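**Q** could you work out the structure for the sequence below:
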Amino acid sequence: MQTYSGHQLALIDRFYKSCGLRVRCHENETVFGLRMVADNVAGQPQHSPLLAAVRFIPVSEQYWLMRNVCVAEAHRRQGLASQLLGWCLPTLTPSRCYCYARDYLYPLYQAPGFQRLPCVAVPAGIAEEYSRYLNNRKDLLLLGYEPAKLSSTSDI
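**A** Model prediction:
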């Protein structure tokens with residue numbers, strides 16, 4: 001797993017495009033990618049193409065908006081998204097983040113600690129954007145991640 005920044009973001013943009021997403025990463029985002037590393041003939045690490053990526057957009061100094069969790073089609077259903085989230089979420093500072101997810105993906109997000117939240121429990125900007133999405137996509141869930149509170153709260 002690797003964090004991408006600067007000129008490397010073009011690589012992530014190409015990955016998303018290859019997956020059929022029109023995404024453009026920006027310098028202020030924290031972007032993580034997953035690729036396999038194997039030894040080449042000389043025993044040196046050799047990087048393969050990206051297998052998965054996720055973006056975290058800073059919305060304020062207190063939280064992130066997680067966007068575009070994506071796994072290359074040939075590598076889906078192998079637990080790569082779970083590995084990626086399990087690795088990157090604990091490294092975020094601040095650790096609180098939100099996302100909008102399709103309802104059938106809830107188990108993926110629930111595993112690392114995301115919980116369903118009502119609009120009244122999230123910052124106004126997140127709630128407003130979620131409400132706009134609901135007008136177009138009825139199957140989106142509003143999810144939040146905050147490790148310090150995970151042990152004392154349950155799904156709403």
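**Q** contacts and neighbour counts: CA atoms only from here.
**A** Fine.
**Q** which neighbours in the sheet does the longest strand along the chain have, and how are they oriented?
**A** Assignment by DSSP state E gives strand 45-58 as the longest strand of the chain. Here strand 45-58 has these sheet partners by DSSP bridges: strand 30-39 (antiparallel), strand 64-71 (antiparallel).
**Q** now do the helix or strand following the last one: everything it contacts.
**A** If I follow you right, that is strand 64-71. Of the helices and strands lying after strand 64-71 in sequence (DSSP states H and E), the nearest is helix 80-88. Outside helix 80-88, the residues that touch it by C-alpha atoms under 8 Å, 6 or more residues apart in numbering are 1, 32-34, 51-54, 69-71, 108-109, 111-112.
**Q** the inter-axis angle of helix 80-88 versus strand 64-71?
**A** For helix 80-88 against strand 64-71, the angle by axes from the mean of the first three to the mean of the last three C-alpha atoms, to 10 degrees is 140 degrees.
**Q** for helix 80-88, list every residue counted as buried.
**A** For helix 80-88, a neighbour-count test (16 or more other C-alpha atoms under 10 Å) marks 80, 81, 82, 84, 85, 87, 88 as buried.
**Q** how near is the third one to residue 142?
**A** Distance of residue 82 to residue 142, computed by C-alpha to C-alpha, to the nearest Å: 18 Å.
**Q** any idea of the mean pLDDT in stretch 25-33?
**A** Taken as a whole, stretch 25-33 has an average pLDDT of 93.
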